[in-house]
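**Q** Sequence plus the predicted model coming up.
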Amino acid sequence: MNNEPPKLFAHRGASDQFNESTLTAYKIASSEGVDALEIDLRMTSDGVLVVMHDETIDRTTDGSGSVAAFTFDELSAYPTVGNGGREEMIPRLRDLFDTFGGTEHYYIETRLVDGEAVMERPLIDLLNEYSLIEQKKVTIQSFSQKSLRQVKKLAPSVPLTRLFGKGKENIVQASLPLYDNIGIESTDATQQSVTILQSLGKDVHVFFNEPKKEKAEQKRVEKLGVNGYFTNHTSFTKKLIR
């Protein structure tokens with residue numbers, strides 16, 4: 001059982017209070033004193049790293065199409081819509097760094113682009129531009145081993161989190177020294193799985209795929225001694241674990 005209090009990662013910002021992955025959502029999360037801002041990255045056709053979870057803009061904006069098909073200027077024509085009742089532009093990763101600087105920890109998810117690890121170098125360059133690696137203000141996560149190996153090659157000191165989709169946890173892969181943390185879907189978190197991963201020297205961070213069951217699941221995994229929560233309910237989780 002871990003003795004340190006679990007950490008709270010604002011999943012796409014305070015996504016229960018405002019449009020996910022927007023500056024306002026991250027500002028709200030920051031004001032609530034989270035341990036890190038969880039950020040999903042996509043890359044535009046002109047190589048700009050933007051904060052966006054989905055491969056397309058269909059769900060979170062009033063437009064449609066693949067993020068990778070737009071230049072950033074073209075993407076800016078489609079503001080986010082949804083929770084909060086206000087439109088707000090899709091931010092660049094740079095915009096978050098300009099807003100928060102070294103005052104926040106950034107928990108950034110990378111993805112392959114057309115099967116290749118191409119966003120990692122511009123990401124590391126940007127992190128170095130803002131001295132965030134030097135300040136130890138970043139953790140990088142991915143479902144892709146290829147991406148994380150590229151990050152390790154470019155920035156050996158950055159902590160890495162290997163994510164596993166629901167039902168896809170692989171102890172052999174999880175045990176690799178490459179990874180500091182393991183991220184699993186909450187329903188895969190059992191006392192046995194958490195204990196095994198922690199015995200391998202890994203912190204266990206859980207994410208939640210079912211919105212209606214998330215709060216109940218958070219209460220359940222709290223009893224297992226997990227090390228961190230990717231939460232969509234920052235205020236609720238903060239009260240639960242602290």
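**A** Received, thanks.
**Q** Identify all contacting residues around the longest strand that the chain contains.
**A** Longest strand in the chain, counting residues (DSSP state E): strand 36-43. Among residues not part of strand 36-43, those counted as contacts by C-beta atoms under 8 Å, 6 or more residues apart in numbering are 7-13, 21, 26, 29-30, 49-55, 67-68, 93, 96, 100, 104-111, 113, 118-119, 122-123, 139, 230. Using the backbone N, CA and C atoms, a C-beta is placed for each residue, glycine as well.
**Q** The same query, at a cut-off of 6 Å, please.
**A** With contacts defined as C-beta atoms under 6 Å, 6 or more residues apart in numbering, strand 36-43 is touched by 9-11, 26, 49-53, 67, 104-110, 113, 119, 230.
**Q** now, which of those residues lie within strands?
**A** 9-11, 49-51, 106-109, 230.
**Q** Among these, which one lies nearest to residue 212?
**A** Nearest to residue 212 among the ones in strands among the contacts of strand 36-43 is residue 11, at 15.6 Å by C-beta to C-beta.
**Q** neighbours of the closest one, just the number please.
**A** When neighbours are defined as other C-beta atoms under 10 Å, residue 11 has 29 of them.
**Q** my read: it touches residue 233, true?
**A** No. Counting by C-beta atoms under 6 Å, residue 11 sits too far from residue 233 to count as a contact (9.0 Å).
**Q** Model confidence score at residue 2, please.
**A** At residue 2, the predicted lDDT confidence score is 51.
**Q** Could you do residue 85 as well?
**A** 64.
**Q** try residue 81
**A** Reported pLDDT at residue 81 in the predicted model: 88.
**Q** List the residues that contact it.
**A** Residue 81 sits next to 62, 87 when contact means C-beta under 6 Å, 6+ apart.
**Q** Residue 70 now?
**A** Residue 70 neighbours (C-beta under 6 Å, 6+ apart): residue 44.
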